[in-house]
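1. Sequence and predicted structure below; questions after.
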Amino acid sequence: MKILISTLLSLAACGPGDGGEPTPTETVCPSPDPNTLTYENFGRPFMEKYCTQCHASTLPRSMRNGAPLFHDFDSLLGVLQVANHIDEQAGHGPNAENSFMPPARCPAEPGEAPTTDCMKPSAEERRNLALWLACEVDRPRAVRR
Ligand code: HEC
């Protein structure tokens, strides 16, 4: 019962705007991975343009404009840890077009009150986001010690 209640609460807390529910886009990375979208040429600049003013490991709770802790997109690891949530909030793909994030209003500078309209990714950028995530989660990477 506890699990059911907390599941319902977290569903209710998800996704301002847009009417629908956050839904997996079910984007599949082509095989072989075309490797056209990478963290360096797509993921990092996308996150820095649209997300890290609220979702960054450098921002304490009081400066995040409500963005949940542990959803930090200023590193590849931070993105990969919740790649499925990002897909459900911001990705477009064959099964869903999610435009819940970013929200409507953004701070001009990280940590400030939200006083400007958030810049919105285009539909193509959202499709590329879902595609990049679908590929990136399966890419081999060096183990860091
Ligand atoms: C203005 C600050 C702000 C910006 C910019 C922003 N977010 Fe958020 N984000 C929030 C808030 C507030 C919540 C919690 C409310 C909610 O879940 O709707 C949240 C929640 C989330 C969640 C967790 C949802 C859940 O409940 O599981 C994800 C994933 C997310 N955001 C992804 C993104 C992505 C990707 C971007 C960039 C495209 C982004 N956010 C930009 C404020 C922001």
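-> In hand now; what should we look at? Residues are numbered from 1 along each chain as shown.
2. List the contacts of the residue nearest to the spatial centre of the chain.
-> What sits nearest the mean C-alpha location of the chain, by Cα atoms, centre = their mean, is residue 86, with 3.1 Å. For residue 86, the contacting residues are 73, 79, 101, 129, 133, by Cβ atoms under 8 Å, 6 or more residues apart in numbering. Any C-beta I mention is one placed from the backbone N, CA and C, and that applies to glycine too.
3. just the residues you listed that are near the ligand?
-> On the criterion Cβ under 6 Å from any ligand atom, residue 101 are the entries of these that sit beside the ligand.
4. Just to be sure, the residue nearest to the centre of the chain is in a strand?
-> No. Assigned with DSSP: H, G, I helix; E, B strand; the rest coil, residue 86 falls outside any strand and is helix.
5. Now do the contacts for the residue nearest to residue 56 when sequence neighbours are not counted.
-> Nearest-residue entry for residue 56: residue 74, 4.3 Å, with adjacent residues in sequence omitted and distances by Cβ to Cβ, 6 or more residues apart in numbering. Residues in contact with residue 74 (Cβ under 8 Å, 6+ apart) are 47-48, 52, 55-58.
6. pLDDT and neighbour count for those - can I get that in TSV?
-> TSV is the format used below for the contacts of residue 74 (pLDDT from 0 to 100; neighbours: other Cβ atoms under 10 Å):
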residue	pLDDT	neighbour count
47	98	22
48	98	13
52	98	21
55	98	26
56	98	21
57	97	14
58	97	10
